[in-house]
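**Student:** quick one, what's the 3D model for this:
(one chain, ligands or ions: 1)
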Amino acid sequence: MGIHDTGEQAVKQQNNEYAARLWQYKQAETISLMIHVGRQLGLFEHMAGVGPISAKELSEKSGLHERWVLEWLRLQAAGKILNYMPDDGRFELPEVGIELLGDDRSPSFMLENFDGGTPREAVDALLKSFRTGLGNTYESSGPEGARRGETRHWKAAKNQVVPRMIPVLDGVEEKLKNGCMVADVGCGDGAIILSLAESFPASTFHAFDPNKHAVARVKEVARDMGLDNVEVHRSSGENIPASGQYDLIITFDCIHDMTHPDLVISKIRESIKEDGTWFIKDIRSKPRFEDNLRNPMLAMMYGFSLMSCMSSAMSEEGGAGLGTLGFNPAVAEEMSRAAGFTRFLMHDFKDPGNLYYEVRP
Ligand SMILES: C[S@@+](CC[C@H](N)C(=O)[O-])C[C@H]1O[C@@H](n2cnc3c(N)ncnc32)[C@H](O)[C@@H]1O
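**Tutor:** Numbering: from 1, shown residues only. Sure thing, here's the model as predicted:
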């Protein structure tokens, strides 16, 4: 075999791998949809903790048609989501599958991410954005959009933010216990600020978000929780009061979504006390694209950016368009200092998707 043949073989091999990769993406799309179908029908819940189960048994348990259940089980086993027992033709949701898909109390439960794909109107809006340059606000994804990821946010708030992160911030827990003023800018579904309001009843909490659906949701949950130390305002960060009254300001996963993050950060500087703390959560990323390529989920992050984050950040003429990967540690520090903050500390809480910053005047 000559050098020429080996070269040709290598190219052929690479081409085959390229095509296989495309088919894997197509297959992942199908499996994702069928995980969503299983979620809607409660199939993972029915399988959790019961060990190996046949299609007949699962159809009896779920009240669903056996033939359809069998085809679904085979798809999930082919996708290695379920174990298959060839001896008796049963299927099993493994222990890790129970944690991720079968038990909504588990901290790593992720079934709600399988939401059945993107509605046609959202794809049409995306196509339009490519032509006009203008993106879509979070509000445009309706009341459903304002609740996306809610269960995950509440778990993170209760299991991580309140007990693990707040105590690490210099002097903050003490102030919260004694009674202080807190603002959450871009509060979304309100999981963080409402968890804090519940844990620290002596303090006062102001939640801000421009999305009317998010605001309605936060008000509804605050009422259900019986909280009387929370005010919820429909307002973008640019318009919060420049009162210098806040001891703690939170911006979680939202600076990169803003059309004018520089204006919002300046407003945060004006509304925070001189000994206050600005606590930021933003996506774990590095300044250079090539340095992010090692992230195995990078393509998905760019998908989130095109569908939500960059779209929101480009939703006005002249929008900064930072997007999902845009508020990395270098940008965060530079923008904070430009707004007059002098102390910038990065916390790595071993959250694989996010970094945290404690920023002070
Ligand atoms: C990804 S969500 C994060 C919500 C919440 N902080 C959380 O951690 O779940 C981004 C939020 O930023 C809000 N947002 C977008 N532009 C904003 C702005 N200029 N000022 C304040 N909030 C903004 C959106 O309405 C949305 O609720």
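
**Student:** residue of the stretch 1-150 of the chain nearest the ligand, please.
**Tutor:** Tyr138 (3.7 Å; Cβ to the nearest ligand atom). The way it works is simple: take the backbone N, C-alpha and C, and place the C-beta from them, glycine included.

**Student:** report the contact partners of that residue.
**Tutor:** Tyr138 makes contacts with 145-146, 188, 210-211, 214, 257, 308, 312, as judged by Cβ atoms under 8 Å, 6 or more residues apart in numbering.

**Student:** and the buried ones among those residues, selectable in ChimeraX?
**Tutor:** Only the buried entries of these go into this ChimeraX selection, using 16 or more other Cβ atoms under 10 Å:
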select :145,146,188,210,211,214,257,308,312
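
**Student:** from the contacts of Tyr138, which land in helices?
**Tutor:** Among the contacts of Tyr138, DSSP state H puts 145-146, 214, 312 in helices.

**Student:** what does the stretch 251-361 of the chain have sitting close to the ligand?
**Tutor:** Contact residues (Cβ under 6 Å from any ligand atom) of the stretch 251-361 of the chain with the ligand: 252-254, 257-258, 264, 312.

**Student:** reformat the residues you listed as a markdown table; add pLDDT.
**Tutor:** What follows is these, written out as a markdown table (pLDDT from 0 to 100):
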| residue | pLDDT |
| --- | --- |
| Phe252 | 98 |
| Asp253 | 98 |
| Cys254 | 98 |
| Asp257 | 98 |
| Met258 | 98 |
| Val264 | 98 |
| Ser312 | 98 |
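
**Student:** most widely separated two among the contacts of Tyr138?
**Tutor:** Spatial extent of those (Cβ to Cβ) is set by the pair Pro210 and Ser308 at 14.4 Å.

**Student:** list the contacts of the residue in the chain that the ligand sits nearest to.
**Tutor:** Per Cβ to the nearest ligand atom, Gly188 is where the chain lies closest to the ligand, at 2.4 Å. Listed by Cβ under 8 Å, 6+ apart, the contact set of Gly188 reads 138, 146, 153, 209, 211, 214, 252-254.

**Student:** other SSEs contacting the top strand by length along the chain?
**Tutor:** Counting by DSSP state E, the longest strand found in the chain is strand 272-283. Using 3 or more Cβ pairs under 8 Å, 6 or more residues apart in numbering; DSSP states H and E, the elements in contact with strand 272-283 are strand 246-252, helix 329-338, strand 354-360.

**Student:** now it: buried residues?
**Tutor:** 272-273, 276-283.

**Student:** residues touching the residue nearest in space to the middle of the chain, list them.
**Tutor:** With the centre of the chain defined as its mean C-alpha position, the nearest residue by Cα atoms, centre = their mean is Gly149, 6.4 Å away. In this structure, Gly149 makes contact with 112-113, 189, judged by Cβ under 8 Å, 6+ apart.
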